[in-house]
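Student: build me a model from this:
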Amino acid sequence: MDYFRKRIINYFIRRYTTKVKTQVILDENVLNNIEKNVYNPKKHPGLFKPRQIPIPEAFIRAVTNVIADYPVKGLIEDGKTLINHLRAKKPPVEKDEMGKIQRIVYQKVMEKQKIPQMETEEDRRKFQQVVDTKVHNLLKSGVYNWKPVHYTAYEALVYLMSRSAAEFSVLARIFLEIAERDPGFQPRSLFDFGSGVGTVTWAANLYWKKYIFEYFNVDSSRDMNDLAQILLQDGKGTNKISLRGVFYRQFLPATNTSYDLVVCAYTLLELPSRQARFDTILNLWNKTQKYLVIVEQGTNSGFQVVNEVRDFILHTGVGHIYSPCPHDKVCPRFVLNDGTPCNFEAFYFSLPIGAVSLRKSEKYSYVVLKKGERDPSDPQWPRIIRDTLVRSKHTICRMCTKNANLEEVIFTASKHGKNLYYCARASKLGDLVPVTLQKQDKENDITHDEDESR
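Tutor: From the prediction side, this is the model:
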């Protein structure tokens, strides 16, 4: 009923309010460069290529060496179970929420329970035991039972085989944008919380290996730390690590040392409460010199916790969002609350070990936070947040704008010009479109900036 009521309300809002159209203007610098043949529209600076970043041969060789004495098919099959478990993972129910749920369930059980005549204390005890058992069973079947994953030596190998390729591709995509948009960024230190098998280190080394002098890795699993180190030793455990300053710890250090690049990837859903997530992220933010990268599965739960800590850090008032949001306002996708997460997609080939290497994709939700005020020269181009729909003579882009609006624009060569049309046609999910959006009242033909239209 709420769905249809919402549809009716939206219809009347569109029908009886002033009609507004969106005017799309190609960035002046981009237009000049296209006209001067510096680049063509299909290679505009909002694109982030390559779309698929290959896994380093050194990593594949190290994995091959590590699992040489293990049943590969068993690792692959157990990996499928682990993948399903991680994709279905939700944040733990908070204590106060659990208390409310218990009271509601208890009340419903009592409403349906026939209360016998109780003459002795033993009768009352037995009746209460029956009620408690029913409440417990209902809670067990109806409330998500969160548990942290404890990785032993074998489970660490299962994780390596099932998750490392996907996570590497995601991190490489995120780091690619930082490297291209901020070519002057030369990090000397990296802090990886929830470091696992070390995919953050391998991905960061694609762009900044010659600059990083310290890799500080924290993971609660000692076996994960040992495996990550062995992988850096060509998977043999006897070779010397070629990187400088690699450290492994099981707990967050108490020191106030800061790091140029701090990463928390696929870790938040392993923390026992919202407060634990806030405390951890604040700790990591205080250790951040320039960029803090947070990544989770591209599920509703993953998006929820990323958005949660995103807003928490923004409320500190000492930083801004670098990516993917072109704004620091409340996420419009979260406000819409339509059950659709804001996520992106990375493509990769599975490890060519024990099975045929297949092309796959990984959905992920993320945010990159940057210390300090936003650069006034940042054009805050809109970000494509859904797959571009390329048709015969038009292209549809669904974008998030600098004013926290979700805009759908249909680009045609006749309406927007060939340069802008081909820019839009070349843009994919996750890319930036080098345009400015302006609102124009159709009735009064009044044009104004998008920021003033709200």
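
Student: I'd guessed Val197 sits against Gln229; true?
Tutor: No: Val197 is not in contact with Gln229 according to CB atoms under 8 Å; the separation is 10.1 Å. All C-beta atoms are positioned from the backbone trio N, CA, C, and that covers glycine.

Student: more neighbours: which of those two?
Tutor: Val197 (27 against 16; other CB atoms under 10 Å).

Student: that one: helix or strand, and which one exactly?
Tutor: Per DSSP states H and E: Val197 is located in neither a helix nor a strand.

Student: next one: it from Arg61, what distance?
Tutor: Val197 is 15 Å from Arg61, where distance means CB to CB, to the nearest Å.

Student: ok, Phe303 next?
Tutor: Look at Phe303 and Arg61: by CB to CB, they are 35 Å apart.

Student: which one of those two is surrounded by more residues?
Tutor: Neighbour count, other CB under 10 Å: between Phe303 and Arg61, Phe303 has more, with 23 against 13.

Student: which residues in the stretch 351-454 of the chain form strands?
Tutor: 359-371, 383-384, 389-390, 395-400, 406-411, 435-441, 446-449 (DSSP state E, counting those that start in this stretch).

Student: longest helix in the protein, please.
Tutor: Ranked by number of residues, the top helix in the chain under DSSP state H is helix 153-181.

Student: run the chain-centre distance for it.
Tutor: 12 Å (CA atoms, centre = their mean, to the nearest Å).

Student: go through that helix and flag the buried ones.
Tutor: Residues of helix 153-181 classed as buried by neighbour count (16 or more other CB atoms under 10 Å): 155-179, 181.

Student: stretch 76-84 now?
Tutor: Buried residues in stretch 76-84, counted by 16+ other CB under 10 Å: Ile76, Asp78, Gly79, Leu82, Ile83.

Student: what pLDDT does the model give the second one?
Tutor: It stands for Asp78. As summarised for this prediction, Asp78 has a pLDDT of 96.

Student: okay, and it sits in which element?
Tutor: Using DSSP H and E, Asp78 falls within helix 72-87.

Student: contact partners for Leu429?
Tutor: Shown in contact with Leu429 (CB atoms under 8 Å, 6 or more residues apart in numbering): Phe344, Glu345, Ile384, Ile385, Arg386, Asp387, Thr388.

Student: what's the domain layout of this protein?
Tutor: Split into domains by automatic domain parsing, the chain comes to 2-46+381-452, 57-89+151-371, 95-142.

Student: just say which of those is most tucked in.
Tutor: domain 57-89+151-371 (a mean of 18; mean count of other CB atoms under 10 Å).

Student: got the end-to-end distance for it?
Tutor: Distance across domain 57-89+151-371, first residue to last, is 34 Å (CA to CA, to the nearest Å).

Student: Met224 and Asp192 touch, don't they?
Tutor: No: the pair Met224 and Asp192 fails to qualify as a contact (CB under 8 Å) at a distance of 11.4 Å.

Student: what are the boundaries of the helices in this structure?
Tutor: Secondary structure of the chain (DSSP H): helices located at 2-16, 28-35, 57-66, 72-87, 95-112, 121-142, 153-181, 199-208, 222-231, 274-286, 300-314, 332-336, 413-416, 418-426.

Student: tell me the average confidence for the last one?
Tutor: Confidence over helix 418-426, taken as the mean pLDDT, stands at 96.

Student: identify the bridge partners of Asn217.
Tutor: Asp192, Tyr248 (DSSP bridges).

Student: contact partners for it?
Tutor: Counting by CB under 8 Å, 6+ apart, Asn217 makes contact with Asp192, Ser195, Gly198, Thr201, Asn225, Ala228, Val246, Phe247, Tyr248, Arg249.

Student: 10 Å - rerun?
Tutor: For Asn217, the contacting residues are 190-196, 198, 200-201, 224-225, 228-229, 246-249, 263, by CB atoms under 10 Å, 6 or more residues apart in numbering.

Student: dump the residue contacts of the residue nearest to Ala424 when sequence neighbours are not counted.
Tutor: What sits nearest to Ala424 in space, not counting adjacent residues and going by CB to CB, 6 or more residues apart in numbering, is Phe411, at 4.0 Å. Shown in contact with Phe411 (CB under 10 Å, 6+ apart): 24, 388, 390, 394-397, 417, 420-425, 427, 433, 435.

Student: before we move on, what about Pro91?
Tutor: Counted by CB under 10 Å, 6+ apart, Pro91 has contacts 144, 146, 268-274, 277, 301-302, 304-305, 308.

Student: closest one to Met118 out of the residues you listed, please.
Tutor: Met118 lies nearest to Tyr144 out of those, by CB to CB, at 35.0 Å.

Student: can you give me the pLDDT of that closest one?
Tutor: On pLDDT, Tyr144 comes in at 65.

Student: could you do Tyr11 as well?
Tutor: We have a pLDDT of 47 for Tyr11.

Student: can you list the strands of the stretch 351-454 of the chain in TSV and add distance to Asn286 and mean pLDDT?
Tutor: Output for the strands of the stretch 351-454 of the chain, formatted as TSV (distance: least, CB to CB, whole Å; pLDDT from 0 to 100):
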stretch	distance to Asn286	mean pLDDT
strand 359-371	10	97
strand 383-384	28	98
strand 389-390	43	96
strand 395-400	28	96
strand 406-411	33	95
strand 435-441	36	81
strand 446-449	36	50
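
Student: put together CSV for those, with distance to Gln52 on each row.
Tutor: As requested, the strands of the stretch 351-454 of the chain are exported to CSV (distance: least, CB to CB, whole Å):
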stretch, distance to Gln52
strand 359-371, 8
strand 383-384, 17
strand 389-390, 19
strand 395-400, 21
strand 406-411, 25
strand 435-441, 26
strand 446-449, 37
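
Student: just to revisit the earlier point, least confident of the domains of the chain, on average?
Tutor: Comparing mean pLDDT across these, the weakest is domain 95-142, with a mean of 76.

Student: chain center to that one: distance?
Tutor: That offset, for domain 95-142, works out to 40 Å (CA atoms, centre = their mean).

Student: repeat for stretch 324-335
Tutor: Its chain's average C-alpha position is 13 Å from that of stretch 324-335, according to CA atoms, centre = their mean.

Student: again with stretch 264-283
Tutor: When distances are taken as CA atoms, centre = their mean, stretch 264-283 is centred 14 Å away from the chain's centroid.

Student: stretch 224-232 now?
Tutor: Averaging C-alpha positions (CA atoms, centre = their mean) puts stretch 224-232 24 Å from its chain's average.

Student: kindly report the same for stretch 361-379.
Tutor: Computed by CA atoms, centre = their mean, the chain-centroid distance of stretch 361-379 equals 12 Å.
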